[in-house]
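Student: A predicted structure for the sequence below; I have some questions about it.
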Amino acid sequence: MPRPAFPRTVLEFQKRFAAEEACLEYLIASRWSEGFVCPRCGSTDAWWKASRRLFECKACRYQASVTAGTVMHRSRMPLRLWFWAAYLVTTHTPGLSARQFARQLDLHYETAFQMLHKLRAAMVREGRERLRGTVEVDEAYIGGARSGKGGRGAYGKVLVAGAVEVRGQKMGRIRLGVVRGASADQLVGFVKAMVEEGSTVVTDAWKGYASLGRGGYQHEAQLEGTPERAPEILPHIHLIFSNLKTWLLGTHHGSVRKQHLQAYLNEFTFRFNRRVVPMAAFQTVLGLIGERQGPTYAGLYGVAKGSDAWRHPNPTCRMRGR
């Protein structure tokens with residue numbers, strides 16, 4: 001039995017998920033499309049505990065919550081609200097700021113902010129496949145206009161590394177990550193984490209990429225000459241960076257804090273890579289694919305010192321096996 005169909009329009013969505021019971025039925029059908037199977041013993045015979053929204057296996061007494069492993073687990077928010085949140089996040093093309101999100105769902109700003117970050121945390125799948133084939137790689141500085149040094153080593157901005165698969169004139173998947181600097185350790189480390197060995201990696205001639213040829217990649221270093229030529233020699237990744245900056249300024253008004261930037265990069269990556277599969281995107285952010293929970297309050301506002309965000313894009317996203 002296939003997973004339940006996804007509503008094609010906002011009117012269909014509103015009609016289908018007007019009640020908590022409809023949302024609950026969708027969760028059950030998505031998680032156990034062939035019928036309930038106990039994750040502990042494999043039995044298909046279970047009691048349904050409606051008041052607690054869980055199945056209790058008749059054979060081993062294991063209790064499997066419908067929301068366990070999802071962003072909705074142990075949340076006091078109604079399922080309808082989570083469904084609307086996931087729908088808005090995955091179908092609103094330019095995305096939503098926390099303030100827009102709060103207005104749309106009639107929430108306090110802080111509640112909307114935390115819900116959005118829980119949904120963003122679910123956008124990164126652990127063990128995801130690396131890019132392959134021909135891949136353009138470069139870095140860009142993200143941040144408002146500031147006086148001081150420009151280019152590599154710019155003051156007061158955050159350096160973001162990016163990679164994009166090149167498929168003729170089109171682009172495949174992308175990866176983005178905050179890096180601490182333009183050193184070989186950071187840039188080559190990013191490439192190794194995001195791109196399969198044996199792939200052709202196209203970069204500019206910056207020395208930070210020089211060792212890629214000895215690291216299992218076919219490295220093509222393009223001489224840039226002047227900064228104006230950068231979009232010519234690496235057109236695809238520069239288009240990605242341009243769209244990223246436009247999105248951050250247009251949707252979020254450039255007010256993204258450094259400690260949260262990786263989460264926004266994850267969202268941009270998620271939107272780009274799933275731009276033609278809204279159903280999969282909706283189920284993924286709820287945690288129905290991969291089963292994951294979002295960050296805790298402490299994890300959301302804490303800053304992990306000495307760590308690289310691209311190495312651990314969701315350090316506070318706790319995976320659950322249920």
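Tutor: Done, it's in. These figures come from a predicted structure and were not determined experimentally.
Student: burial measure for residue 34, as a count.
Tutor: Other residues within reach of residue 34, judged by other Cβ atoms under 10 Å, total 8. Heads up, the C-betas are built off the backbone N, CA and C, glycines and all.
Student: so what's the nearest residue to residue 218 once chain neighbours are set aside up against?
Tutor: Excluding the flanking residues, the one nearest residue 218 by Cβ to Cβ, 6 or more residues apart in numbering is residue 200, at 4.2 Å. Listed by Cβ atoms under 8 Å, 6 or more residues apart in numbering, the contact set of residue 200 reads 133-135, 217-220.
Student: equivalent analysis for residue 244, please.
Tutor: Contacts of residue 244 (Cβ under 8 Å, 6+ apart): 140, 142, 160, 162, 176, 265, 268.
Student: and it, that one's in a helix?
Tutor: Yes - Residue 244: assigned to a helix according to DSSP: H, G, I helix; E, B strand; the rest coil.
Student: roughly how far apart are it and residue 161?
Tutor: Residue 244 sits 12 Å away from residue 161, going by Cβ to Cβ, to the nearest Å.
Student: coming back round to it: bridging residues for the residue nearest to residue 218?
Tutor: Note on residue 200: beta-bridge partners by DSSP bridges are residue 134, residue 218.
Student: circling back: rebuild the contacts of residue 244 as JSON lines, extending it with neighbour count, secondary structure and pLDDT.
Tutor: Shown next, in JSON lines, are those (neighbours: other Cβ atoms under 10 Å; DSSP: H, G, I helix; E, B strand; the rest coil; pLDDT from 0 to 100):
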{"residue": "140", "neighbour count": "19", "secondary structure": "strand", "pLDDT": "94"}
{"residue": "142", "neighbour count": "20", "secondary structure": "strand", "pLDDT": "90"}
{"residue": "160", "neighbour count": "24", "secondary structure": "strand", "pLDDT": "96"}
{"residue": "162", "neighbour count": "24", "secondary structure": "strand", "pLDDT": "98"}
{"residue": "176", "neighbour count": "27", "secondary structure": "strand", "pLDDT": "97"}
{"residue": "265", "neighbour count": "28", "secondary structure": "helix", "pLDDT": "93"}
{"residue": "268", "neighbour count": "19", "secondary structure": "helix", "pLDDT": "91"}
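Student: on that earlier part again, Throw the contacts of residue 200 into JSON lines and include pLDDT and distance to residue 238, thanks.
Tutor: JSON lines is the format used below for the contacts of residue 200 (pLDDT from 0 to 100; distance: Cβ to Cβ, whole Å):
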{"residue": "133", "pLDDT": "97", "distance to residue 238": "19"}
{"residue": "134", "pLDDT": "98", "distance to residue 238": "16"}
{"residue": "135", "pLDDT": "98", "distance to residue 238": "14"}
{"residue": "217", "pLDDT": "97", "distance to residue 238": "20"}
{"residue": "218", "pLDDT": "97", "distance to residue 238": "21"}
{"residue": "219", "pLDDT": "97", "distance to residue 238": "19"}
{"residue": "220", "pLDDT": "96", "distance to residue 238": "16"}
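Student: identify the farthest-apart pair in these.
Tutor: Largest separation among the contacts of residue 200 by Cβ to Cβ: 133 and 219, giving 14.3 Å.
Student: more neighbours, those two?
Tutor: residue 219 (19 against 13).
Student: secondary structure class for the residue nearest to residue 256 when sequence neighbours are not counted?
Tutor: Once flanking residues are discounted, residue 256 sits nearest to residue 264: 5.3 Å by Cβ to Cβ, 6+ apart. Three-state assignment for residue 264 (three-state DSSP): helix.
Student: ok now do residue 264, which residues does it touch?
Tutor: 120, 248, 252, 256.
Student: tally of neighbours for the last one?
Tutor: The one in question is residue 256. The burial count for residue 256: 19, using other Cβ under 10 Å.
Student: please enumerate the strands of the stretch 101-250 of the chain.
Tutor: Assigned by DSSP state E, counting those that start in this stretch, the stretch 101-250 of the chain shows strands spanning 134-142, 158-167, 170-179, 200-204, 218-222.
Student: kindly export stretch 187-198 (C-alpha atoms) in CSV.
Tutor: Only the C-alpha atoms of stretch 187-198 are listed here, as CSV (Å, rounded to 0.1, in the frame of the first residue of the first chain):
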residue,chain,number,x,y,z
LEU,A,187,37.9,24.1,2.3
VAL,A,188,39.3,20.6,1.5
GLY,A,189,37.5,19.2,4.6
PHE,A,190,34.2,20.7,3.3
VAL,A,191,34.8,19.1,-0.1
LYS,A,192,35.5,15.7,1.4
ALA,A,193,32.4,15.8,3.5
MET,A,194,30.1,16.9,0.6
VAL,A,195,31.6,15.4,-2.6
GLU,A,196,32.4,11.8,-3.5
GLU,A,197,36.0,10.8,-4.2
GLY,A,198,36.6,10.4,-7.9
